[in-house]
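Student: sequence below, structure please.
(one chain, ligands or ions: 2)
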Amino acid sequence: MTEPLISIRHISKRFPGVVALQDMSFDVTRGECHAVMGENGAGKSTLMKILSGVQPDFEGELVLRGQAIRFADTRAAEAAGISMIHQELNLVEGLSAAANVFLGREKRTRFGFLDDREMERATAILLEQLECQIPPQTLVGTLRVGDQQLVEIAKALSLETEILIMDEPTSALTESEVARLYRVLAKLRERGVTILYISHKMEEVFRLADRITVLRDGQFVRTLDKSNTTAKQIAHLMVGREIESIELGAKRQIGDVVLETRGLSLPWSGHARQWRLQDISFQLRRGEVLGIAGLMGAGRTELLECLFGCSPESPTGDILLRGELVRFQHPAEAKAAGLALVTEDRKRLGLFSHFSVGRNISLCHLSEMAAGGVFVNGETERIQCEAAVAKLRVKTAGLDSAITSLSGGNQQKTIIGRWLLTEPSVLLLDDPTRGVDVGAKAEIYRLIHDLCRDGIAAIVTSSELPELLILCDRILVLCEGRLTGEFTRDQFTEQAIMEAATQRTPHLHN
Ligand SMILES: Nc1ncnc2c1ncn2[C@@H]1O[C@H](COP(=O)(O)OP(=O)(O)OP(=O)(O)O)[C@@H](O)[C@H]1O
Ligand SMILES: [Mg+2]
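Tutor: Ligands and ions are numbered 1, 2, ... in the order given. A predicted model of the protein is given here:
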């Protein structure tokens, strides 16, 4: 037996009201890709934060290369060769990609000034290894989540990391970017880098990992060799029960047209392509779940933003709501007209990080409860929030907990809960199950299905195509801002949709 690279020994971590980890022990072998799986709130991120020095305060012992070790901070962990790519990206939005890569260890000229040129040069090389096209001077805040993540990976690469911890790295990426990340990971493994990989995606875990450790409720359940287990067994170990397999589309009554776009286009100032979206026409009917498929950058998020009145520029063309022309200048107007948007990037747009869980849920609803001269009724608010938390099984110590104390997946569920309280007639969901565990995914699908069966209409985007196939009545495909395909349920195949998502000339089926 070779000595383990990392031994986690009897580690426990408590937060007020929550036991995040309880007497956790397992080993990581040098050079392996070790996946860590478990439901939202199982303790995966907490454990990795301990390993990477983010969380210096814990009980138990961490043994690295045979020596007991305790990191005071991330710097100490990085010096020992451990870097972590966080679930909630950890970049300074007002700085360039290069400045972020070298944050805290800036390169200087021999006169002591910041050597931007050198940092940009080095960053450009790293980004190129990651097949990332952005110039190193680009402000990180202007990048989409997918590119921001590549900047974080570039940062870890620049530290010549020996142990790379990745917390749901593909949750913000689409197929082509995921393929690119897999290539990068393969290169790192050739160099002997050990990878600890958190993911909710079975397919990816089975592709990448040598071994899989399952956690449940802060406890170690089992470590399995990939070759000796199945996705079904892992899912079962994760949730401790069978998960129902669901087939939801085609069981809904589809009614009248609620929302329609005619020739909707979104300009793209100063960009060679000129249009983020071009000539998009479609209809959405009551009771319908309409999927929007497409690769990263195809315009999925932009389309939802146009509909919700929060696009980066004003769209041209028409949007009709129940037959009436509308032009929302602000999300508040869209909301008042009965629309709701669950956003993709919860850190930037979705959450109010200084508010409690309860406030984050009731936020959109407050103005309604307070409208018409009625003051905010604390009791009503509490009852409704509790219902939302229970319905989505948000794991929290209570409504008064800080939203930032929730695990990533539970934050996402909180946002969904918030919008459901506004009782929208059109629900727009941008990658709603990103980072959500298998059990909770099924709950969210069920919820969307139930809402649409009761007469609302939904538009859903997803970076996981199989998810759209389960959920939707119809799927539109975007490629480079244009509609390149439309599929009804009987025409759904992954291959046909992927073909439409990668073709450049518009070609409609019906
Ligand atoms: N800073 C904190 N303060 C209070 N509680 C916390 C804090 N960080 C984590 N927790 C709690 O610890 C538990 C484990 O959280 P953790 O983030 O490790 O889960 P996770 O397995 O990564 O889940 P997910 O899949 O949703 O990301 C959760 O109940 C969470 O609410
Ligand atoms: Mg997590």
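
Student: roughly how far is stretch 142-162 from the heart of the chain?
Tutor: For stretch 142-162, the separation from the chain centroid amounts to 16 Å (computed by Cα atoms, centre = their mean, to the nearest Å).

Student: my error: substitute stretch 196-206 in the last question.
Tutor: With Cα atoms, centre = their mean, you get 14 Å for stretch 196-206.

Student: just the buried residues of that stretch, please?
Tutor: 196-202, 204-206 (16 or more other Cβ atoms under 10 Å). From N, CA and C alone the C-beta is placed, and that goes for glycine too.

Student: out of the residues you listed, flag the one nearest to residue 474.
Tutor: Lowest distance from residue 474 to the buried residues of stretch 196-206 (Cβ to Cβ) belongs to residue 201, with 24.7 Å.

Student: setting the sequence-adjacent residues aside, check what's closest to residue 124.
Tutor: residue 136 (4.9 Å; Cβ to Cβ, 6 or more residues apart in numbering).

Student: alongside ligand 2, which residues does the protein contribute?
Tutor: The interface of the chain toward ligand 2, taken as Cβ under 5 Å from the ion, is made up of 45, 87, 407-408.

Student: let's see the ChimeraX selection covering just the buried ones among those.
Tutor: Selection of buried members from those for ChimeraX, criterion 16+ other Cβ under 10 Å:
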select :45,87,407,408
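
Student: the residues of the chain next to ligand 2: which two are farthest apart?
Tutor: So, the residues of the chain next to ligand 2 by Cβ to Cβ: farthest apart are 87 and 407, at 8.6 Å.

Student: could you list the domains of the protein?
Tutor: 6-239, 243-338+427-510, 344-423 (automatic domain parsing).

Student: ok so, going back, burial measure for the residue nearest to residue 124, as a count.
Tutor: 24 (other Cβ atoms under 10 Å).

Student: got the contact list for whichever residue of the stretch 401-510 of the chain sits closest to ligand 2?
Tutor: Closest approach between the stretch 401-510 of the chain and ligand 2, counting by Cβ to the ion: residue 408, at 4.3 Å. Taking Cβ atoms under 8 Å, 6 or more residues apart in numbering, we find residue 408 in contact with 40, 45, 87-88, 167-168, 435.

Student: how much space between the residue nearest to the spatial centre of the chain and residue 79?
Tutor: For the chain, the residue sitting closest to the mean C-alpha position, by Cα atoms, centre = their mean, is residue 434 at 3.8 Å. Applying Cβ to Cβ, to the nearest Å, the value for residue 434 to residue 79 is 33 Å.

Student: same question, residue 152
Tutor: Relative to residue 79, and taking Cβ to Cβ, residue 152 is found at 19 Å.

Student: between these two, tell me which one has more neighbours.
Tutor: residue 152 (22 against 12).

Student: what packs against the helix or strand harbouring the more buried one?
Tutor: Assigned by DSSP states H and E, residue 152 belongs to helix 145-158. Helix 145-158 sits against strand 82-85, helix 97-101, helix 116-129, helix 175-190, with contacts defined as 3 or more Cβ pairs under 8 Å, 6 or more residues apart in numbering; DSSP states H and E.

Student: which stretches of the stretch 101-250 of the chain aren't confidently modelled?
Tutor: 172, 174-176, 241-250 (pLDDT under 70).

Student: please read the previous query as pertaining to the stretch 301-450 of the chain.
Tutor: If you take pLDDT under 70 as the line, the stretch 301-450 of the chain has these spans: 344-352, 362-378.

Student: ranges for the strands of it?
Tutor: Here the stretch 301-450 of the chain has its strands, by DSSP state E, counting those that start in this stretch, at 316-321, 324-326, 339-342, 426-430.

Student: reformat those as CSV; add distance to ligand 1 and mean neighbour count.
Tutor: Shown next, in CSV, are the strands of the stretch 301-450 of the chain (distance: least, Cβ to the nearest ligand atom, whole Å; neighbours: other Cβ atoms under 10 Å):
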stretch, distance to ligand 1, mean neighbour count
strand 316-321, 35, 16
strand 324-326, 36, 11
strand 339-342, 16, 24
strand 426-430, 18, 25
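
Student: compare the ones you listed and give me the one nearest residue 189.
Tutor: strand 426-430 (32.5 Å).

Student: same for that closest one, what does it pack against?
Tutor: Counting by 3+ Cβ pairs under 8 Å, 6+ apart, strand 426-430 packs on helix 300-307, strand 339-342, helix 438-453, strand 457-461.

Student: hmm, who's touching it?
Tutor: Under Cβ under 8 Å, 6+ apart, the answer for strand 426-430 is 258-259, 284, 300-301, 304, 307-308, 321, 338-344, 416, 419, 448, 451, 456-461.

Student: partners of it, with directions?
Tutor: strand 339-342 (parallel), strand 457-461 (parallel) (DSSP bridges).

Student: make a markdown table out of those strands and add distance to residue 226.
Tutor: Below are the strands paired with strand 426-430 laid out as a markdown table (distance: least, Cβ to Cβ, whole Å):
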| stretch | distance to residue 226 |
| --- | --- |
| strand 339-342 | 33 |
| strand 457-461 | 31 |
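
Student: what's the closest of those strands to residue 71?
Tutor: Per Cβ to Cβ, nearest to residue 71 of these: strand 339-342, 36.3 Å.

Student: okay, the residue of the chain positioned farthest from its centre and residue 120: tell me how far apart.
Tutor: In the chain, residue 111 marks the outermost C-alpha relative to the chain mean, sitting 42.8 Å out by Cα atoms, centre = their mean. Distance, residue 111 to residue 120, by Cβ to Cβ: 18 Å.
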